[in-house]
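> predicted structure and sequence below. I'll ask about it afterward.
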Amino acid sequence: MKRKIDKLFMLTGVALLLASCTPFDNYDAPGSTITGRVIDKTTGENLITSQGEFEVRFWETSWTASATPQTQSIPIKQDGTFMDTKLFNATYSMQAYDGPFWPVDSVHNLVLKGSLTQDFEVTPYLSLTDIEGRIVNDSLYMSFKLDAPIKEGFDIREMRPFISWTPFCGGGANIGELAKTEYTLTVNRRWTDMVKDYQAESGTTQWRPAGNKPGTNGQWERNIIDENPNDAADVNYWTFDRATGRFEVGPIGLIANSGFPYRARVGASNNQLGRKTNYSKIIEFRYNDNGSWSTPTVVK
């Protein structure tokens, strides 16, 4: 009886081995490549973003075995590019999706044979430009200009700084003990209403944490001042200077660490679906061995 059972197991194993050699799974491994850029229509340059914060989604339309093609995605890199090198030759549809920009249509009938490049042009909700940084008494100040390419139809939610010790800087790469949530300025206003307020006022608008205490229940005191707000560097705040059209956040206390370069930027989000963040370019600086700070410069 034991001999019969052993023979049965042997025959089963041979059958499984032969089945694995049948031609049904002899497809070549996927090795074709799709690359591209997500381009800011207002600048003609790659959209400034943070690593993996949105995606290009795509689906194969030449596969007829299913009436509903499976959606796949390629995450966007910090420099606004994307790449997938493990795809089958086929016909695809693609769309830049779920990013900090006004929705765009899908692109269809893209034939992949070995390699394919497909760019997408988008209009960002917000543009943060001309970022500058300065360091005073071991504290960082960052200033920038803020605009909306399309003025109507959305709310600006908040603005905040991001600081990192890695090449990546943004929502997923941020030193929490430095760029604390208490530095987040909550706005929650229509863009057009906010601009009207600024135009109707004079001098410099300043937002201080309520009671001059950072992060007091997320509440901010708003004042119009004429003197230089940077004289009061004992508490963090935001300012808007009408003469220059610039926002500034600071002071943000830094750690005097000569081991790593700092990278910093600012971001602003909106109340559209997903509340995605538009970013400024990144500035870089470091603490030198001689006890001084290098001048913040924009990363190319």
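Yep, it's here.

> tally of neighbours for the closest residue to V111 other than its chain neighbours?
Of all residues not flanking V111 in the chain, T91 sits nearest, at 5.3 Å (C-beta to C-beta, 6 or more residues apart in numbering). C-beta coordinates here come from the backbone N, C-alpha and C atoms, glycine included. By the criterion of other C-beta atoms under 10 Å, T91 has 14 neighbours.

> wait, is T91 part of a strand?
Yes - under DSSP: H, G, I helix; E, B strand; the rest coil, T91 sits within a strand.

> hmm, N109 and it touching each other?
Yes - between T91 and N109 a contact is recorded at 6.2 Å, counting by C-beta atoms under 8 Å.

> pop out the phi and psi values for the nearest residue to G99 once chain neighbours are set aside.
With sequence-adjacent residues excluded and distances taken as C-beta to C-beta, 6+ apart, G99 is closest to F54, at 3.5 Å. Here is the backbone geometry of F54 (degrees, to the nearest 10): phi -150, psi -170.

> which SSE is M194 in?
If you go by DSSP states H and E, M194 is part of helix 191-200.

> hmm, back to that, which residues touch the residue nearest to G99?
P75, I76, A96, Y97, D98, G99, P100, K276 (C-beta atoms under 8 Å, 6 or more residues apart in numbering).

> cutoff 10 Å now
38, 47, 73, 75-76, 82, 96-101, 122, 274, 276 (C-beta atoms under 10 Å, 6 or more residues apart in numbering).

> and these, which are buried?
When burial is judged by neighbour count using 16 or more other C-beta atoms under 10 Å, the buried members of these are 38, 47, 73, 76, 82, 96-101, 122, 276.

> doesn't F247 make contact with D241?
Yes - with contact taken as C-beta atoms under 10 Å, D241 and F247 are classed as touching, separated by 8.1 Å.

> give me the more crowded residue out of those two.
Per other C-beta under 10 Å, whichever of D241 and F247 has more neighbours is F247, with 21 against 16.

> what residues go with each domain of this structure?
Domain segmentation of the chain under automatic domain parsing yields 32-122, 127-298.

> where does pLDDT dip in this protein?
Low-confidence segments of the chain, defined by pLDDT under 70: 1-27, 179, 198-203, 207-236, 273-274.

> distance of V195 from I156?
The gap separating V195 from I156 is 10 Å, by C-beta to C-beta, to the nearest Å.

> these two: which has the busier surroundings?
Neighbour count, other C-beta under 10 Å: between V195 and I156, I156 has more, with 22 against 16.

> in three-state terms, label the more buried one for me.
strand.

> please renumber so the chain begins at 59
Happy to do that; since the first residue is 59 now, the last one works out to I214.

> excluding chain neighbours, what is closest to it?
V245 (4.9 Å).

> hmm, back to that, what do D299 and F305 both touch?
Common contacts of D299 and F305 (C-beta under 10 Å, 6+ apart): S201, T263.

> find the centremost residue of the protein, please.
Closest residue to the average C-alpha location of the chain: S108 at 2.9 Å, with C-alpha atoms, centre = their mean.

> OK, contacts around that residue?
Taking C-beta under 10 Å, 6+ apart as the criterion, S108 is in contact with 134-136, 158, 220, 222, 226-232, 323, 325, 334-337, 340.

> got a ChimeraX select line for the buried ones in the residues you listed?
Entered in ChimeraX, the line below selects the buried ones among the contacts of S108, by 16+ other C-beta under 10 Å:
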select :134,135,136,158,220,222,226,227,228,229,231,232,323,325,334,335,336,337,340
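
> before we move on, the earlier item: separation between the residue nearest to the centre of the chain and S338?
11 Å.

> kindly report the same for F212.
F212 is 19 Å from S338, by C-beta to C-beta.

> try Y295
Going from Y295 to S338 by C-beta to C-beta gives 19 Å.

> go on, G102?
Noted for G102: a distance of 17 Å to S338, by C-beta to C-beta.

> of those two, who's got more company?
The neighbour comparison of G102 against S338 (other C-beta under 10 Å) goes to S338, with 25 against 8.

> how much space between the closest residue to P158 other than its chain neighbours and P309?
With sequence-adjacent residues excluded and distances taken as C-beta to C-beta, 6+ apart, P158 is closest to K334, at 3.8 Å. As for K334, its distance to P309 is 28 Å (criterion: C-beta to C-beta).

> cool, Y295 as well?
Separation of Y295 from P309 (C-beta to C-beta): 9 Å.

> comparing the two, which residue is more hemmed in?
Y295 (23 against 20).

> isn't that one up against S197?
No - with contact defined as C-beta under 10 Å, Y295 and S197 do not form a contacting pair (11.9 Å).

> intersection of neighbour lists for those two?
G308, P309.
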